[in-house]
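> need a structure here:
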Amino acid sequence: MRQRVRGFTLLEVLVAVVIISLGMLGVAALLLTVQKADASAYIQQQAVQSAYDILDRMRANLQGTQAGYYAGTFNPPFAAPTTNCVGSGNVCTDKQLAKFDTAQWASSDLASLPQGSATIASAASSNGNVDVTVTVNWNDAPAVQSIEQFKSNQQQQNTGVSSARSYTLTTVL
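Here you go, the predicted structure:
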């Protein structure tokens, strides 16, 4: 007498497990990529906001901007502002305000970026406007390293991808 076999064979179950495992590995790789992109995008958003912050400060002190007091290169370590130009009793010249603004900007905004630095270039035009270029630089390695360390169990790998990033904003004030 012949018996009918019902259900899955062991081979069919093994193939199904392999297919599901490959799918789960693909999902895990996708999640790691999303994590890296999210961390990188957050750092870039902070750099963009930093560039707009100093432009707003320059716009508020237009005489100091026209005189070129904001121009320069800002590299770590950043010194805290020595004068206080904020408040009703504090009166500062355009140069003092520019120095206060750049010191406060560098010690807060640029210091929050990984290896953050910046360059501000300004040139007065004949019609009274000022052409301003702000370049903010940072290292995107923390976003890359966090994923690589997770993948390699705390052993850093060289991804071969450049981690130096910059954002340049040019405008007329």
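> ok, S122 - how many residues close by?
Number of residues near S122 (other C-beta atoms under 10 Å) recorded here: 20. From N, CA and C alone the C-beta is placed, and that goes for glycine too.
> same thing with S166?
The burial count for S166: 12, using other C-beta under 10 Å.
> for the one 4 residues further on, same thing?
Here the neighbour count serves as a burial measure; for T170 (other C-beta under 10 Å) it reads 10.
> How much space separates it from A123?
Distance check for T170 against A123: by C-beta to C-beta, to the nearest Å, it reads 11 Å.
> tell me, what's touching the two both at once?
Residues within reach of T170 and of A123 at once, by C-beta atoms under 8 Å, 6 or more residues apart in numbering, are D131.
> Quick one: the strands in the protein, in order.
Ranges of strands in the chain, per DSSP state E, are 72-74, 117-124, 130-139, 164-172.
> and the spatially closest residue to S166 that is not a sequence neighbour, what are its bridge partners?
Excluding its sequence neighbours, the residue lying closest to S166 (C-beta to C-beta, 6 or more residues apart in numbering) is N137, at 4.6 Å. Beta-bridge pairing of N137 under DSSP bridges involves S117, S166.
> who's in contact with N137?
So N137 contacts Q115, G116, S117, A118, T119, A164, R165, S166 (C-beta under 8 Å, 6+ apart).
> Q96 too?
Taking C-beta under 8 Å, 6+ apart, one finds T83, C85 in contact with Q96.
> Tell me the confidence at it?
Listed pLDDT for Q96 reads 90.
> Among the contacts of N137, which one has the most neighbours?
Counting neighbours by other C-beta under 10 Å, A118 leads the contacts of N137 with 25 neighbours.
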